[in-house]
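Novice: predicted coordinates and the sequence they were generated for:
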Amino acid sequence: MGDPMKKITLEVEGMSCGGCANAVKSALARVAGVQIAAVSLEEKRATLEVEGCVSSGALLSAVEAAGYQATVAD
């Protein structure tokens, strides 16, 4: 049995178009343990379902590597 799933929401800064949102979604989807990644350009937010072993730091690093800034939403 794997780790339980958890939801993480990130506030993403710097996205200005659909291509930006797709780049962020692709970067997050490549993080091991991410099951679902949805990115809203309008809300400047990424909503993720991840395995319990995934750290928010790994997700933030992936967004930064794609050229954007992110913080974990409350």
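Specialist: Thanks, I have the structure now.

Novice: all helices for the chain, in order.
Specialist: Secondary structure of the chain (DSSP state H): helices at 18-29, 56-65.

Novice: tell me which of the ones you listed sits nearest to Glu43.
Specialist: Glu43 sits nearest to helix 18-29 of all the helices of the chain, at 10.2 Å, using CB to CB. Yep, even glycine has a C-beta here, placed from its N, CA and C like the rest.

Novice: elements contacting the closest one?
Specialist: Helices and strands touching helix 18-29, by 3 or more CB pairs under 8 Å, 6 or more residues apart in numbering; DSSP states H and E, are strand 34-40, strand 45-51, helix 56-65.

Novice: deepest-packed of the ones you listed, please.
Specialist: Neighbour counts (mean count of other CB atoms under 10 Å) averaged over each of the helices and strands packed on helix 18-29 peak at strand 45-51, with a mean of 19.

Novice: tell me where this structure is predicted with low confidence.
Specialist: Within the chain, the stretches with pLDDT under 70 are 1-3.

Novice: the strand ranked longest in it pairs with which strands, and in what direction?
Specialist: The longest strand of the chain (DSSP state E) is strand 5-13. According to DSSP bridges, strand 5-13 forms sheet pairs with strand 45-51 (antiparallel), strand 69-72 (antiparallel).

Novice: got JSON lines for those strands, with distance to Gly33 too?
Specialist: Below are the strands paired with strand 5-13 laid out as JSON lines (distance: least, CB to CB, whole Å):
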{"stretch": "strand 45-51", "distance to Gly33": "4"}
{"stretch": "strand 69-72", "distance to Gly33": "16"}
